[in-house]
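S.K.: Quick one, structure for this:
(one chain, ligands or ions: 2)
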Amino acid sequence: MATNGETKENQAGRHQEVGHKSLLQSDALYQYILETSVYPREPAPMKELREVTAKHPWNIMTTSADEGQFLNMLLKLINAKNTMEIGVYTGYSLLATALALPHDGKILAMDINRENYEIGLPIIQKAGVAHKIDFKEGPALPVLDQMIEDGKYHGTYDFIFVDADKDNYLNYHKRLIELVKVGGLIGYDNTLWNGSVVAPPDAQLRKYVRYYRDFVLELNKALAVDPRIEICQLPVGDGITLCRRIS
Ligand code: SAM
Ligand code: CA
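M.R.: Ligands and ions are numbered 1, 2, ... in the order given. Now for the predicted structure:
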């Protein structure tokens, strides 16, 4: 059994599914990272949430433990205090964020589904960080529009993590670039989209992978030429593109 209670075969299969094999030389190498540097240092509440989430039918959506570790360190490095997350699911990346923020740190967390957030909520509460989270149920775009209209949220966010509907990422970007501080970061998740960004036209792709692929390709192109940001696309998880607002 692997440390998270799954068999190694199951884990290896899932890693392949989210494209790690195409990012690293082998599943064994990814397993090595997890077992050497990630699982032994994973905070107990994150481990508990990962194990609870592993039993949920949509567990493929969760942030991987190595990406959670990366986000947690990144937030500490930039001294993030005021943050936002679009796409919560059961809350693994949310908890990684909440644990990294100071006691008076804040996270505006949005998801169309509150039920899944409630799976993780007791663990987040037990970890003593729930007071940092303002969860809003519903689509994120109207909330962002309202914030833009209000005016008082412009340039106020240190960090924004976007991990939701990929066909809206460019719509989010249009608004988030106003809401993030100059010098702040937006992280767009899944920008390698299961490795499909380099799949040949006749490749056999799952329906949802094929559908969202064009949106991810379009986003990647747009971010690469956006003069308002500096970018760094990392092969962590399913690919994360960090955008630092410069103007
Ligand atoms: N960050 C999460 C984690 O660490 O487990 C994973 C998020 S999951 C990949 C994507 C989430 O986006 C789903 O929970 C889904 O309900 C949510 N979502 C989809 N469309 C949305 C929308 N328009 N606004 C807000 N959330 C949305
Ligand atoms: Ca993701």
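
S.K.: which residues touch residue 182?
M.R.: Counting by C-beta atoms under 8 Å, 6 or more residues apart in numbering, residue 182 touches 155, 245, 246, 247. Heads up, the C-betas are built off the backbone N, CA and C, glycines and all.

S.K.: Redo those as TSV? Include secondary structure.
M.R.: Below are these laid out as TSV (DSSP: H, G, I helix; E, B strand; the rest coil):
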residue	secondary structure
155	coil
245	strand
246	coil
247	coil
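
S.K.: Any of those buried? List them.
M.R.: residue 245 (16 or more other C-beta atoms under 10 Å).

S.K.: Farthest-apart pair in the contacts of residue 182, please.
M.R.: Based on C-beta to C-beta, the longest span within the contacts of residue 182 runs between 155 and 246 and measures 12.6 Å.

S.K.: can I assume residue 108 is in contact with residue 88?
M.R.: No - Residue 108 is not in contact with residue 88 according to C-beta atoms under 8 Å; the separation is 10.7 Å.

S.K.: From the contacts of residue 182, pick the one nearest ligand 1.
M.R.: Checking those against ligand 1 with C-beta to the nearest ligand atom, the nearest one is residue 245 at 21.4 Å.

S.K.: what's across from that closest one in the sheet?
M.R.: On the basis of DSSP bridges, residue 245 is bridged to residue 229.

S.K.: where exactly do the helices run in this structure?
M.R.: For the chain, the helices defined by DSSP state H occupy 8-17, 20-23, 27-33, 44-54, 65-77, 92-100, 114-126, 140-150, 169-179, 207-224.

S.K.: So is the lengthiest strand in the chain next to ligand 2?
M.R.: Longest among the strand segments of the chain by residue count, using DSSP state E, is strand 180-189. Yes - applying C-beta under 5 Å from the ion, one finds strand 180-189 touching ligand 2 at residue 189.

S.K.: cool, stretch 82-94 as well?
M.R.: No - Stretch 82-94 stays out of contact with ligand 2 when judged by C-beta under 5 Å from the ion, the minimum separation being 7.2 Å.

S.K.: That'll do, ta.
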